[in-house]
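Undergrad: Here is a sequence with its predicted model. Questions after.
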Amino acid sequence: MGVILEIKNLTKKYSGLTAVNDFSFEIHRGEFVGLIGPNGAGKTTIFNLISGLERPNSGAVRFDGRDITGMKPYKIVNLGIARTFQLVRSFRFMTLLDNISVSCLSSRGKEVAKQYGIDEYASSILAAVGLVDKARIPPIILPHGDLRKLQIGKALGTNPQLLLLDEPFSGLSHEEQKGITDLIIKLHDDGVTVFMTGHVLRELMHLVPRVVAMHQGKFITEGSPQEVANNKIVLEAYLGKGSEQLA
Amino acid sequence: MSLNIQKFREKFIGFPTYLKHWVFTFKGGMTLFCLFILFLFPIVTQNPYFLGIFILAMIYTIFAASWDFLAGFTGQVSFGHAIFFGLSAYGVSATLVFNNFTWWGALLVGVTIAVTTGFIVGIICLRLKGPYLALGTMVIAIMLQDLFKIGQLKDYLWGDQGINDVPPLSNSSTVVYYTILIFMIITIIVLIQITKTNIGTIFKSIRDDETGAETSGINTTKYKVIAFMISSAFAGLAGGFYAMYIRSVGPLIFQPLYSFYVLIMAALGGIATISGSALGAFTFIFLSEILRDLNELDPSNALLTAFSDPAFIFSVILIIMIRFVSQGLLRPILEHLKEFWDILLGR
């Protein structure tokens, strides 16, 4: 089990605000890792730095032993890192099938997709995320839960090795959460390394074996969900100082 | 690879059946009806004035379709489409007048110039988005207008006078009419087909969400430049025909007004429809001709002059359209016609 993603001393500053501060950790191939932290802890910024949407001020991101710091987003995707967004993004006026086809047309996705035909491969992904009956409608009329599934489908189209899921559960009902959870577990069983964020501990607790906690851009601790949940600093970050008695 | 060949074969074999089916659909019937009228028109009248109106409208259709392809399907709104139109017009005129090219040779040169310019403009404007892209392209057009006007460069760029006495495509209006009609049909078919292919899917994804397309692993930069090149090729085609039709070309061809006209035409027909630009261009040209006649009724009447100025009237129309029918005229008209059609057939 080699290291698939290595983040080293990553720092990102916006004018006056340090969103990510000297952050380091590793993810091994085939792992299932969660990243937790209260709102504004810098989780999304970390994802943006990994996926190339933003450049770090210092530090490095290594994927599969290769330095990908500051690379163009599409190049990073074609190396095998796909991501979803906290606020759902979709191609609003295109059918769901076309939405998935776009990622199947990326140079990495195409390698697999062209063996089956782009449309056929895209349909199989739609079937995998459970949207195949809605293949011909545009996403503007879809409910939120389906949009989350679509996002994961779009990421899958690029045939990723590492999947970054940014708050895959936010704004979902309990039923919808369960659907997404099953989907993510199935993907992980298929061999995709999954790295996901969440600001509510409960959702992640049952799902991931290892959790990384951050607060105000800083690394706090990592370990099993139980260990992290009992960590004093984590509790402080979530509930405020002096809350260990309450918990 | 064999999969593609198989798909192609299936399409090829199925095409006659598809065509037969298509003709009897509403859309197919309407298209054939319009084509029928366009093909019959020169037989009905040989009047060069009326033929001229149609020729101009068809040239503008090509121009508007090229703009619609870039703005409606790739989301790159250009306010300087006259760049490609004008440069190609200059290229065609120069090769026709000074090098004695045949019309298709000159057109080829014009389109090549336009595509090259499209490539360069695409690269320059890569980082610009939305209103900044519109501004950037507009400024390039204005720069070109000034550059071609400079008297000191007259030996190279023909100065204020431009190039005159450009030979026409053919001495017979009917031949010109049919040539341009065929090119217009090819343009519309090619552009619509491009939007249906894989590359068209990528273009549409860039229009809907550029960051999303990039995080789907698409090299958006590359495809934006390709879209610019395709669009400029057809804008160049229109420019070449325009130069041969008007028979002269000057720096004024780069003026923002031409870029504005094409925008109005595409918006009139409906953005992201391609074939809507035909409706837009024909409406535009017919209205301008009517307005000109209106002005000639009484040229001394100031109010009439103002209200018969195409730029003024069309600006007003554009504002009204943005408020009430922002999706353009083509779709609502087709819907109403379809209802009428269904009533006629008793459905």
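TA: In hand now; what should we look at? All values reported here derive from a predicted model rather than from experimental measurement.
Undergrad: Counting by contacts, list what the longest helix anywhere in chain A packs against.
TA: In chain A, assigned by DSSP state H, the helix with the most residues is helix A:174-189. Secondary-structure packing of helix A:174-189 (3 or more C-beta pairs under 8 Å, 6 or more residues apart in numbering or on different chains; DSSP states H and E): helix A:118-129, helix A:144-156, strand A:193-198. Where C-beta positions appear, they are placed from N, C-alpha and C, glycine not excepted.
Undergrad: out of the ones you listed, which comes closest to residue B:333?
TA: Of all the helices and strands packed on helix A:174-189, helix A:118-129 sits nearest to residue B:333, with 32.2 Å by C-beta to C-beta.
Undergrad: For the stretch 201-347 of chain B, which residue gets nearest to chain A?
TA: Chain A sits closest to residue B:217 of the stretch 201-347 of chain B, with a gap of 2.7 Å, by C-beta to the nearest C-beta.
Undergrad: check contacts around the residue in the stretch 51-200 of chain B that chain A sits nearest to.
TA: Checking the stretch 51-200 of chain B residue by residue against chain A with C-beta to the nearest C-beta singles out residue B:198 as nearest, at 5.5 Å. The contact partners of residue B:198, by C-beta atoms under 8 Å, 6 or more residues apart in numbering or on different chains, come to A:101, A:105, A:118.
Undergrad: quick one: pLDDT of the second one?
TA: As predicted, residue A:105 sits at a pLDDT of 93.
Undergrad: What separation do you get for it and residue B:207?
TA: Separation of residue A:105 from residue B:207 (C-beta to C-beta, to the nearest Å): 15 Å.
Undergrad: Could you do the first one as well?
TA: With distances defined as C-beta to C-beta, the gap from residue A:101 to residue B:207 amounts to 15 Å.
Undergrad: In terms of neighbours, single out the busier of these two.
TA: residue A:101 (28 against 22; other C-beta atoms under 10 Å in any protein chain shown).
Undergrad: For the residue nearest to the more buried one when sequence neighbours are not counted, grab the count of nearby residues.
TA: Distances taken as C-beta to C-beta, 6 or more residues apart in numbering or on different chains put residue A:122 closest to residue A:101, at 4.6 Å, once the chain neighbours are dropped. Residue A:122 is flanked by 29 other residues according to other C-beta under 10 Å.
Undergrad: Find the nearest non-adjacent residue to residue A:77, please.
TA: Among residues not flanking residue A:77 along the chain, residue B:217 sits closest, at 3.7 Å (C-beta to C-beta, 6+ apart).
Undergrad: That neighbour contacts residue A:110, correct?
TA: No - at 9.1 Å, residue B:217 does not count as touching residue A:110 under the criterion of C-beta atoms under 8 Å.
Undergrad: Out of the helices and strands in chain A, which is least certain?
TA: helix A:201-205 (a mean of 75; mean pLDDT, DSSP states H and E).
Undergrad: So which bits of that one are buried?
TA: A:201, A:203-205 (16 or more other C-beta atoms under 10 Å in any protein chain shown).
Undergrad: quick one, phi/psi of residue A:158?
TA: Dihedral angles phi and psi of residue A:158 (degrees, to the nearest 10) take the values phi -90, psi 10.
Undergrad: meant to ask about residue A:28
TA: The phi/psi pair for residue A:28 (degrees, to the nearest 10) reads phi -90, psi 160.
Undergrad: Okay, now the unreliable bits of the chain?
TA: Assuming you mean chain A. Applying pLDDT under 70 to chain A flags the ranges A:1, A:242-247.
Undergrad: actually it's chain B I care about, not the one you picked
TA: Residues of chain B meeting the criterion pLDDT under 70: B:1-3, B:347.
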